[in-house]
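From the sequence below, what's the structure:
(chains A and B)
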Amino acid sequence: MPELSLQNPAGRSALSCKGLVKRYPKVLAVDRLDLEVRSGECFGLLGPNGAGKTTTIEILEGLNTPDEGEVRVLGQAWGEGDGSDRALRERLGIQLQEAKFQEKLSVIETVELFRSFYRRGPDAEDVIRIVQLEEKRDAWVGKLSGGQKQRLSLAVALVNQPELLFLDEPTTGLDPQSRRQLWDLIADFRGRGATVMLTTHYMEEAERLCDRVAIMDHGRILALDTPAALIASLGAEHVVEFAVDGALDLAAVGRLPGVSQARREADDFALIVREPHVSIPPLLAEVARQGVALRRLATHHATLEDVFVYMTGRTLRDE
Amino acid sequence: MNERAILEAPPTAPSPARGAAGGALRYNALWQITRARVLSFMREPEVAFWVFAFPVLMTLALGIAFRSSGTPRSRVGVEEGAGADSVAAALARSADLEVLRIPARDAEAALRRGKIAVLVRPAAGAPPTLVADPTRPESRLAQLATVDALERAAGRIDVAKPRAEAVVRPGSRYIDFLVPGLIGLNLLGTGMWGIGFAIANWRQQKLLRRLIATPMRRSDFLLALLLARMLWLVLEVGIILVFGALVFHTAVRGSWLAFSLVTLLGTLAFSGISLLVAVRARSIEAVSGLMNVVQLPMWLLSGSFFSSERFPAVIQPLVQALPLTLVNNSLRAIMNESAGLATVAPAAAALAAWALLSFFAALKWFRWD
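Model prediction:
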């Protein structure tokens, strides 16, 4: 879109932070974090609950102040005066993880309320149409389903046609269908050249929406790249999961042909392999040789989830 | 799907507001926040009950319970025994007395519990004895009426015979005292719930945080809360006044200007205090507790149901400085004693001071998240 690309020349930084630190009495929430989001890209912060994603995104949104470090949003820093902060807010769209709207206001009343805070933006009716809530236009917020509430929350974040949109776990707690609907809406929005920064603990969400992903844990970034490159960093593309009855010598399994990593997850085992058809026959033979019975065997393409597990030794759903 | 609107709206042009839904005000923040407040308040049926129905029911119940009907009669007890019949018959002839015959063993208890105001103990062949507690005003009155009745029965001739003319002055009944007190009480309650509760609720739901993530001016937000509050003020005071006037013939006898000023300043003072109570409360439970702590002294001391003059002189400076006392006393002076602006000016100034101090303190300490 010519107008928008003029506004956001490709390659320029939409968001950057250097040496970000945030301490809470009992935890170091953000630990010397550096980040750069390019104009026009969709960037994902991926990590389990408690990784520091929300603290980080709220610092970038100017809702939380870092103890150390430097933040620039659309070329501007926070706290350079009330007028300057407000001018920056005119250009941002923000969705907060837990914010609830007034239960007894209707969808249109809520969108109009938020639209009134901005000097410019599309018409409230059009925003409702974009998030496909026309049928719920006059319904009270309290009567909406979880997915509809999230779409309202997205509508409220879009009322000023933001150059940069922040989404903090936009689909947490939604059913798969509502999740896919939101993904389509977000993909549509960013297809128009705006920048999106989102946090999530859903791998599929990050893989599907994000150009680049930072994997975050304990307030630090463990890896940052495109989803494909992160998966490629595992050295192999397939995961073989299996379970056995009896004690298995994992080290022997790890030495089988084509296996790049082997690990135990509770009672299950997982191998990262280049080609399942090369690695599975020797695996079956090895299991038989060790005299244990195979109870289950499954394979899938490696995902960001596997990247996270191999980097942290934990699954994203832990905690 | 019409997505072109977002796509094609040039980033510098203001969006065309659609006429039907509010014209120029449609995207005015002050108007929108006020509207959101009023609508969500109106859509809570409990709120409508406490703000509008409760004071009316209260006025009705208390107005009926304490209505002034006829002339009250004193209750006099006649102890059973020789001569009791003739004494009781003599007393029964008085219009001021209600006579009860009481066995000797219950007589003292009846007197002590206030069932009777005076006890008459007949004596054979001698004048009866009157037993009463002289510190109780109703006993004094009953004693005078009893002596009068006994003297007349014994044959006293009245000579002076003054004429009595009954006058009930408007504004001196209990209901006249009560209505201004209920207005004051309601202003306090609505101020607390309408502002403190709303803020704690919004903070708990992270809505305040969501609001400051927009370029909304914080002054617009606070001003809108006040504006919404003012709208209720007109309605809630209006309902009590109209109901009192229709059912009990209460009226505003003094200056309407003074009346408006006092209710306005009272509302501002209560709103400010409510804001101060809610500056940091993170939950509805916390703010409810704090609001009760703040309201309790005023409920007890500010004389909504009985005169605050009854409290000892030592605590009077405190009592008189409470904003609800200031509101109640000023409204009573205006409604019942025809007071004007000059009379209530000191109280109005004190209320303005409460409002200003609490607002500035609240703004200083207010927490948005």
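
Show me what counts as buried in stretch A:190-199.
Neighbour-count burial for stretch A:190-199, with 16 or more other CB atoms under 10 Å in any protein chain shown as criterion, is recorded at A:190, A:193-199. For the C-beta atoms, the positions are set from N, CA and C on the backbone; glycine is no exception.

Okay, domains of chain A per the record?
According to automatic domain parsing, chain A comprises the domains A:2-231, A:235-301.

In CSV: those, plus distance to chain B and mean pLDDT.
What follows is those, written out as CSV (distance: least, CB to the nearest CB, whole Å; pLDDT from 0 to 100):
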stretch, distance to chain B, mean pLDDT
domain A:2-231, 4, 90
domain A:235-301, 33, 86
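
Please identify the deepest-packed of the ones you listed.
Sort these by mean neighbour count, taking mean count of other CB atoms under 10 Å in any protein chain shown, and domain A:2-231 sits at the top with a mean of 19.

Grab the nearest non-local neighbour of residue A:304.
Leaving aside its sequence neighbours, residue A:304 sits nearest to residue A:203 (CB to CB, 6 or more residues apart in numbering or on different chains; 4.2 Å).

From the buried residues of stretch A:190-199, which land in helices?
residue A:190 (DSSP state H).

out of the buried residues of stretch A:190-199, what pair is the most spread apart?
When CB to CB is used, the two most widely separated members of the buried residues of stretch A:190-199 are A:193 and A:199, lying 21.7 Å apart.

Helices along the stretch 151-300 of chain B, start to end?
Per DSSP state H, counting those that start in this stretch, the stretch 151-300 of chain B carries helices over the ranges B:174-191, B:198-204, B:207-212, B:218-248, B:256-277, B:284-301.

cool, and chain A?
Using DSSP H, the helices found in chain A span residues A:2-7, A:53-60, A:82-89, A:107-115, A:124-130, A:146-158, A:176-190, A:203-209, A:227-232, A:250-254, A:276-289, A:304-312.

Can you redo those helices as JSON lines, where the extra columns are distance to residue B:100?
Shown next, in JSON lines, are the helices of chain A (distance: least, CB to CB, whole Å):
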{"stretch": "helix A:2-7", "distance to residue B:100": "94"}
{"stretch": "helix A:53-60", "distance to residue B:100": "77"}
{"stretch": "helix A:82-89", "distance to residue B:100": "77"}
{"stretch": "helix A:107-115", "distance to residue B:100": "67"}
{"stretch": "helix A:124-130", "distance to residue B:100": "76"}
{"stretch": "helix A:146-158", "distance to residue B:100": "70"}
{"stretch": "helix A:176-190", "distance to residue B:100": "78"}
{"stretch": "helix A:203-209", "distance to residue B:100": "86"}
{"stretch": "helix A:227-232", "distance to residue B:100": "96"}
{"stretch": "helix A:250-254", "distance to residue B:100": "100"}
{"stretch": "helix A:276-289", "distance to residue B:100": "104"}
{"stretch": "helix A:304-312", "distance to residue B:100": "90"}
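
in chain B, what spans have low per-residue confidence?
Flagging of chain B using pLDDT under 70 yields the residue ranges B:1-24, B:68-71, B:167-170.

and it, what are its domains?
Structurally, chain B divides into domains by automatic domain parsing as follows: B:41-65+B:173-365, B:74-153.

Tell me which of the ones you listed sits most buried.
Of the domains of chain B, the one with the most neighbours on average (mean count of other CB under 10 Å) is domain B:41-65+B:173-365, at a mean of 19.

Please see if it touches chain A.
Yes. Shown here: domain B:41-65+B:173-365 in contact with chain A (CB under 8 Å from any CB of the partner chain) through B:43-44, B:205-207, B:209-217.

Out of those residues, which two sit at the greatest distance?
Taking CB to CB, no two of the residues of domain B:41-65+B:173-365 next to chain A sit farther apart than B:44 and B:215, at 29.2 Å.

picking that back up, go through the domains of chain B and name the closest to residue A:296.
Comparing the domains of chain B by their distance to residue A:296 (CB to CB), the top pick is domain B:41-65+B:173-365, with 43.0 Å.

List the contacts of residue B:139.
B:117-118, B:132-133 (CB atoms under 8 Å, 6 or more residues apart in numbering or on different chains).

In CSV: those residues, plus distance to residue A:89 and secondary structure.
Formatted as CSV, these follow (distance: CB to CB, whole Å; DSSP: H, G, I helix; E, B strand; the rest coil):
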residue, distance to residue A:89, secondary structure
B:117, 74, coil
B:118, 79, strand
B:132, 78, coil
B:133, 74, coil
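
Residue B:268: what's its closest spatial neighbour, skipping adjacent residues?
residue B:355 (3.9 Å).

Need phi/psi at the one you found.
When quoted as degrees, to the nearest 10, the phi and psi of residue B:355 stand at phi -60, psi -50.

again with residue A:201
Backbone geometry at residue A:201, expressed as degrees, to the nearest 10, gives phi -120, psi 20.

Wait, it touches residue A:172, no?
Yes. At 7.5 Å, residue A:201 counts as touching residue A:172 under the criterion of CB atoms under 8 Å.

For residue A:115, which non-adjacent residue is spatially closest?
Nearest non-adjacent residue to residue A:115, counting by CB to CB, 6+ apart: residue A:159, 4.3 Å away.
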